[in-house]
Each structure stands twice: as structure tokens, then as C-alpha cells.
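Novice: quick one, what's the 3D model for this:
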Amino acid sequence: MSLSAELSRKTDHLQQILADMDRIIVAFSAGVDSTVVAKAAFLARGDQAQAVTAVSPSLASGEKEEAIRLAELIGIPHQLVSTSEFATPEYRANASNRCFYCKTELYQILNQAIARHDWQDATVVNGANLDDRGDHRPGMQAAADFEVRSPLIEAGLNKADVRDLARHWDLPIWNKPAHPCLSSRIAYGVEVTEERVGRIDAAERFLREEFDIPELRVRLEPQELARIEVPLDQINRLTTPTALPRVTQKFLELGFQNVTLDLQGFRSGSMNSFLSLEELQIAAHKS
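Specialist: Prediction:
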């Protein structure tokens, strides 16, 4: 796929931003955004760029392996680090600024690694793009606190640009659905636990494998209620006389108390729609 003149200009700008850094540490989740940043960083700085993937119970099945595979494909040095956000009471409490504590944990670990290796010239970068600025993302405040840079934003790339650039570079995840952490499926105010995210992971894996639905969410509401979100044109796969009892039985076996199917269909970030403007402002202030 060839790039438009505008995207070619943005890509050159992205490369220049990264080339001006001495050493680059990419917070690498294996999503399309951070994969494009990792590829761009490696093209700009070679072995002076390194990808780091945080591993914790909130990482969905297969994502660690995907990160390893993509880093090998790009050629960028890659490191896995274990994070302990579940040990943080504020994270487990699952207020609307939960992500702030998760990203703070990650950036602290990255800064410790920089100090340990005496990489005083290193710059930590993330995969945030222009479209991320319009959503509720407390993790962006954590990035600001640790002076983490967002080269995609600096170069003016939005999500569509990122996918086009990934396709141009033959990155196999150019059309990969967004895959946020498993904790984001839990309703605000419901405690985040390793058991709950593990249960959500197993439920989503079951639906993907048994019904061939690649993009979906299993949301955990109060009282252990599972709310399934799939695209509207996929709902019929789960509502046949044979599918309904299979899904119900599996979810009850996993530990959910009730199972519902959201007739509004899949919506990325739908948990945020329950937040009031006041709550969003309070979360931003606390972060």
C-alpha cells in the first residue's frame, strides 16, 4: 500500500522526531499504535531503540506472545517486565482514574530500568495518537508526570493514519481490533481482582473460539453480572436455540451469576459512557 502525500509527510516527521532521540524505550503493548511506534523507532535508531512489554494478570491471553512475535518481526530488542498494579489499593478500587495507577506503575519500572542501566539519555515513548486526546484516558496524565513522549501525536497521526502506515510497512496487525487491558471491562467501583480479570479473559476467549467473533467485550457489572457486547451483525450468532444455553452454561461455570447480551452492540470504551462530566473532572483532578 502506498502512502498519500500527507501521510508520507507525517511519517517523515515521525521518523525525524525519533531520530533526534539518543536512546528510545517504547512502551509496547502489541497494539497497532505501539507496534507502529516500535517499527518507526527501530528504523530511526536501530539497536538504540528497545521495546518493553508490561506483563500482569490484566494482559489478555495471547498478547504477550503477540508482542514477542511482533518485536522479532520488526527486529527491535524486546524485554518483558512484570508489573504489580494489583498490589495498589487505588488500582483495585477501580475508580474512573484506575488507568493512572497502572501507567504510573509501568513508567516507574521503566525509569528504574533506565537508572539501573545508566541510560540517562533514554526517552520513553508511548503509542498514543491524536484520537486518544478526545477520550477519557487518565494514563495520559501519568505519561505527562513521567515526561513520556507521544511521537504519533507530535507528528499529527490519528488512528486511521496509524493503520494505513502499519499496512504500508506490512505489519500483520494493521487491522487488529483495539485490545485494552482486561481491567477495563470491570464497571467502575467494582473491585479489580486477578480472579475477575481471569474470568473475563476465559469468557472472551470462549466466545471468540466457539463463535468466531473477533471483536467483542465481556463487561463485568455489579453483582457478578456479565454483559456481552458484540457487533450488531454478530448478535444472531449468540441467540440461536443452541448457542444461548451453551453461552449461559459456560459463563455460570466460570463464576458469573447472571449473563446478558447488550442489544446496543459492541462499543469501545462503553464503560466511560456511565461517567458524568463531574466524575470525569474529579478523576482528572485526582490524577
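Novice: what about stretch 57-65, average pLDDT?
Specialist: The average pLDDT within stretch 57-65 is 96.
Novice: same thing with stretch 204-217?
Specialist: Averaging pLDDT along stretch 204-217 yields 96.
Novice: enumerate the positions of that stretch that are buried.
Specialist: Of the residues in stretch 204-217, 204, 206-207, 211, 213, 216-217 count as buried by neighbour count, 16 or more other Cβ atoms under 10 Å. Just so you know, the C-beta spots here come from the backbone N, C-alpha and C atoms, and that holds for glycine as well.
Novice: can you check stretch 216-234 too?
Specialist: Within stretch 216-234, judged by 16+ other Cβ under 10 Å, the buried ones are 216-221, 226-230, 234.
Novice: what number of residues lie near the closest residue to Val197 other than its chain neighbours?
Specialist: Leaving aside its sequence neighbours, Val197 sits nearest to Leu182 (Cβ to Cβ, 6 or more residues apart in numbering; 4.0 Å). The number of residues packed near Leu182 is 26, by other Cβ atoms under 10 Å.
Novice: give me the domain ranges for this protein.
Specialist: What the TED database lists as the domains of the chain is 5-169, 182-274.
Novice: out of those, which is the most enclosed?
Specialist: Comparing the domains of the chain by mean neighbour count (mean count of other Cβ atoms under 10 Å), domain 5-169 ranks first with a mean of 19.
Novice: distance between the ends of it?
Specialist: For domain 5-169, the first and last residues are 16 Å from each other (Cα to Cα, to the nearest Å).
Novice: can you check stretch 74-82 too?
Specialist: This stretch, stretch 74-82, spans 22 Å end to end (Cα to Cα).
Novice: off-centre distance for it?
Specialist: Offset of stretch 74-82 from its chain centre (Cα atoms, centre = their mean, to the nearest Å): 17 Å.
Novice: can I assume Asn97 is in contact with Arg137?
Specialist: No - the criterion here is Cβ atoms under 8 Å, and Asn97 misses it with Arg137 at 10.1 Å.
Novice: low pLDDT regions in the stretch 101-250 of the chain?
Specialist: 134-136 (pLDDT under 70).
Novice: ok, which stretches of it are helices?
Specialist: 139-145, 151-154, 159-168, 194-211, 235-238, 243-254 (DSSP state H, counting those that start in this stretch).
Novice: quick one: closest of the ones you listed to Ser82.
Specialist: With Cβ to Cβ as the criterion, Ser82 lies closest to helix 194-211 of these, at 13.2 Å.
Novice: report all helices and strands that that closest one contacts.
Specialist: Where contact means 3 or more Cβ pairs under 8 Å, 6 or more residues apart in numbering; DSSP states H and E, helix 194-211 is packed against strand 217-221, helix 235-238, helix 243-254.
Novice: which other helices and strands contact the longest one?
Specialist: When you say that, I think you mean helix 243-254. When contacts are defined as 3+ Cβ pairs under 8 Å, 6+ apart, helix 243-254 sits against helix 194-211, helix 235-238, strand 258-261.
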